[in-house]
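Participant: quick one, what's the 3D model for this:
(2 chains)
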Amino acid sequence: MLESVLTMFSYPFLIRALIAGVSVALASSLLGTTLVLKRYSMIGDGLSHVSFGCLAVAAALNWAPLALTLPVVSAAAFLLLKLNNNKKIFGDAAIALITCAALAVGVIVISVTTGMNVDVYNYMFGSILSITKTDMIVSVTISSSVILVFVLLFHRIFAVTFDEPFSKATGLKTGAYQTLFALSTAVTIVIGMRLVGALLISGLLIFPPLSAMRVCKTFKSTTIFSAILSVLCFFAGLVLSFLANLPAGATVIVMNAAVFCCLFAFGKLVYLIRKYKSKLRTITKATL
Amino acid sequence: MNKLVECNNLTIAYDKNIVLEKVNFEIYEGEYLCVAGENGSGKSTLIKSILGLKSPSTGSIEFFGFRKNEIGYLPQQTAVQKDFPAGVFEIALSGCLNRSGWRPFYSKEDKLLAKINLELMGVYGLRKRCFCQLSGGEQRRVLLARALCSARKLLVLDEPVSGLDPAAAREFYTTMRYINQNRHMTILMVTHDIDLALHDADRVLYVKGGTAHCSTAEEFRKSEETQKWMGGQNNA
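Facilitator: Now for the predicted structure:
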């Protein structure tokens, strides 16, 4: 077992996959905490479909994929976060609208031009093992900047996530943070798509924070634990996919789902034990 | 006394429903100003427009010699979802953000300030707990501590004693008087608890029928309208 893991990392393409994957997993788990807490969980899904549509169009026009995808997805992220704040148009409905429309455009463009080929399959389910050195450098650079922004703005992100009106009233520039946050989410999704695919990227965003929230009490501990879980799940998922010959992106997400289930059960167990103990205490008090 | 905030001809509307029309008043440095009025008269709306959370349709709000990041605010309700992982100390500290400028992390002074204010509100012992596991009254105190951390000149409180029991409410008014007098904090407070408020407040801003006017606490107590309103309240 250990030997085959060691063999695994003698392949340069797997090293590249690991480096790029860990950096993206880390960035997305950090952003995910706020997305989940602000009830924006579906935004990741919506944005990945938008970038799927964009990739199809970029391929048809023979453009560099990132040149078209990054600006369009950023704009979509900004729009979705704004719409979510606007009570008149339902945020979740807006996400559903944009998701479907983008997917439909993507499917039409693909069928008119290239047809369903390997490239399209890769957009949908990721192609972590085929990433080049340039891809890796791009992924690492973008995720490091997202991580850096997140760490520097950590306390402000908490304040705005926890209570936006208070932050705004007391003079924080909530709009600027929101824009920066939308931008970070957009770029993370675009690079993450290359790894786990459009259909699975929102798993990288929302699973680790949701798992961490089962057992953590503070924002800081949730964020740190979620980052650790995300990296561990990615690593474990990649190793398992290699050993069992499974698709890498999907295995990583299944790993995350398994960890979520374990922590969910653990959280419930802790709760029940605490409840039982307090019950016991009242009974003892009553008998005394 | 120096003028801190001046509202000129303020008209505030939700869509096309005018809530307040042609409101004029000032807030002076160091004063204790109460906003009184019936439910739905637009007290909170007025507060929100001063805080920049609701932009007025016409009129202006000017700040003199102080900036928005010197305000502390206690919202009427904070809709925190049930499973939000937020520690009590984290929340109090987040009130210090508006004084940190470009500094990304909290300083020692910030942490000390959060500690002092949590102690003042009597919830320092809960600092390691999760906010969601606290009772309503405890949550209110934590949010007050946060407001105190962010307030340097003006403290805006929207129904601060709702959710506190009578003893805690009295204690709260004593604390506010202390802060007003010893920290020279200007206080703008929305309240229903007019008896206790009149005892401490310098002036009262009475919101009724789509407009608002200011009077000293003494004048307000004597006015016929107040007698009627308070009488009505007592009979109820």
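Participant: name the nearest residue to the residue of the stretch 151-288 of chain A found nearest chain B, ignoring sequence neighbours.
Facilitator: The nearest approach of the stretch 151-288 of chain A to chain B comes at A:Gly171, 3.0 Å away (C-beta to the nearest C-beta). Yep, even glycine has a C-beta here, placed from its N, CA and C like the rest. The shortest distance from A:Gly171 to any non-neighbouring residue, by C-beta to C-beta, 6 or more residues apart in numbering or on different chains, is to B:Asn69 (3.0 Å).
Participant: A:Thr113 now?
Facilitator: The nearest residue in space to A:Thr113 (C-beta to C-beta, 6+ apart) is A:Ala60, at 4.3 Å.
Participant: do A:Phe9 as well
Facilitator: Nearest one to A:Phe9, counting by C-beta to C-beta, 6+ apart, is A:Ile15 at 6.0 Å.
Participant: same question, B:Arg146
Facilitator: With C-beta to C-beta, 6+ apart, the residue lying closest to B:Arg146 is B:Gly95, at 3.8 Å.
Participant: picking that back up, just to check, the residue nearest to A:Thr113 is in contact with A:Ile108?
Facilitator: No. Judged on C-beta atoms under 8 Å, A:Ala60 makes no contact with A:Ile108 at a distance of 10.1 Å.
Participant: if we can go back for a sec, residues touching the residue nearest to B:Arg146, list them.
Facilitator: A:Thr170, B:Gly72, B:Ala114, B:Asn117, B:Ala145, B:Arg146, B:Ala147, B:Leu148, B:Cys149, B:Ser150 (C-beta atoms under 8 Å, 6 or more residues apart in numbering or on different chains).
Participant: same deal with B:Ser55?
Facilitator: Taking C-beta under 8 Å, 6+ apart as the test, what B:Ser55 contacts is B:Ser49.
Participant: which SS state does it fall under?
Facilitator: coil (DSSP: H, G, I helix; E, B strand; the rest coil).
Participant: next one, pLDDT for it please.
Facilitator: Note for B:Ser55: predicted pLDDT of 86.
Participant: cool, and the one 5 residues further on?
Facilitator: In this prediction, B:Ser60 carries a pLDDT score of 87.
Participant: shouldn't it be in contact with B:Val23?
Facilitator: No. If you go by C-beta under 8 Å, B:Ser60 and B:Val23 don't touch, sitting 11.3 Å apart.
Participant: these two: which is more packed in?
Facilitator: B:Val23 (24 against 10; other C-beta atoms under 10 Å in any protein chain shown).
Participant: show me what contacts that one?
Facilitator: B:Cys7, B:Asn9, B:Leu10, B:Thr11, B:Ile12, B:Leu46, B:Gly59, B:Thr211, B:Ala212.
Participant: same question, B:Glu159
Facilitator: B:Gln76, B:Val190, B:Thr191, B:His192.
Participant: any quick PyMOL command for the buried ones out of those residues?
Facilitator: A single PyMOL command is used to select the members of the contacts of B:Glu159 judged buried by 16 or more other C-beta atoms under 10 Å in any protein chain shown:
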select buried, chain B and resi 190+191
